[in-house]
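Visitor: The sequence and its predicted three-dimensional model are supplied below.
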Amino acid sequence: MGENLKKRTKDFALRIIKLYGALPSSVEAQVIGKQILRSGTSVGAHYHESSRSRSKAEFISKIQVSLQELEETIYWLELLIASQLVHESKLTKLLEESKELIAILATCMKRAKESKTMR
């Protein structure tokens, strides 16, 4: 699961980077795009860091940060849609992947909290 999730979060970051590159050049789209670029690429970075955690508490903390970054990414994606800067159909798959990653990471965090050992 760990290596698969590392790849999946990295692929997610790459898709976010491509989205940013395809955004309109308007000031509004670029400001929101930079927010998405920051939060969307942070998800995988924090998940990767969690694999090197020295304690269960540190692992849980890194997973929580990944979840927060995903929630923020969803907010910015929804804002792009609501502001009509990007058509909803172009972001549907990214939103779905964001929500799937949230479910997976929430499960990881729950299992870590329930386990008696590091992981």
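Guide: Cool, got the structure.
Visitor: In this structure, what residue spans correspond to helices?
Guide: 2-22, 27-50, 56-82, 92-114 (DSSP state H).
Visitor: May I see those helices organised as JSON lines, with mean neighbour count added?
Guide: In short, each C-beta sits where N, CA and C put it, glycine included. Converted to JSON lines, these look like this (neighbours: other Cβ atoms under 10 Å):
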{"stretch": "helix 2-22", "mean neighbour count": "15"}
{"stretch": "helix 27-50", "mean neighbour count": "19"}
{"stretch": "helix 56-82", "mean neighbour count": "18"}
{"stretch": "helix 92-114", "mean neighbour count": "15"}
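Visitor: Dump those helices into TSV; add mean pLDDT as well.
Guide: Conversion of these to TSV gives the following (pLDDT from 0 to 100):
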stretch	mean pLDDT
helix 2-22	95
helix 27-50	96
helix 56-82	96
helix 92-114	95
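Visitor: residues in contact with Gln30?
Guide: Leu23 (Cβ atoms under 8 Å, 6 or more residues apart in numbering).
Visitor: cool, Ile63 as well?
Guide: So Ile63 contacts 46-47, 50, 105, 108-109, 112 (Cβ under 8 Å, 6+ apart).
Visitor: mind checking how far it is from Leu77?
Guide: Here the criterion is Cβ to Cβ, to the nearest Å. By it, Ile63 lies 21 Å from Leu77.
Visitor: Once you drop chain neighbours, what's closest to Glu71?
Guide: Ile102 (7.3 Å; Cβ to Cβ, 6 or more residues apart in numbering).
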